[in-house]
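Novice: Have a look at this prediction, sequence included:
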Amino acid sequence: MSAAQEAAETLALEVLAWLAASDDLLDNFMSATGTGRDDLRDRAQDSDFLASILDFLMMDDSWVIAFCAAYGHPNEAPMRARMALPGGAEVNWT
């Protein structure tokens, strides 16, 4: 695993912790992805799952800004992390 992918996975886990601190956001994430509470633990090391966490966060700019402020990351950090995970290089903004 590359250092970039490892850093991206760490950031995604921080996002998961941030989502877990908000029952509403966590419920929205689980509903949008079909993920159950047990899946959160079981799939926390799965890079595809971690990518889905970043995809969810990036659906709303206010979530990105709030997460980055809470964890001291620049606002572009989730996007850069997403690019380092599976499917990240394939983003098409059409």
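Specialist: Okay, I see it.
Novice: quick one, longest helix in the chain?
Specialist: Of all segments of type helix in the chain, defined using DSSP state H, the longest is helix 3-20.
Novice: Least confident secondary structure element in this protein?
Specialist: helix 37-42 (a mean of 88; mean pLDDT, DSSP states H and E).
Novice: residues in contact with it?
Specialist: With C-beta atoms under 8 Å, 6 or more residues apart in numbering as the test, helix 37-42 has contacts from 16, 20, 30, 49. Just so you know, the C-beta spots here come from the backbone N, C-alpha and C atoms, and that holds for glycine as well.
Novice: quick one: which of the residues you listed is most hemmed in?
Specialist: With neighbours defined as other C-beta atoms under 10 Å, the most crowded of the contacts of helix 37-42 is residue 16; it has 21 neighbours.
Novice: Once you drop chain neighbours, what's closest to that residue?
Specialist: The shortest distance from residue 16 to any residue that is not its chain neighbour, by C-beta to C-beta, 6 or more residues apart in numbering, is 5.4 Å, and that residue is residue 53.
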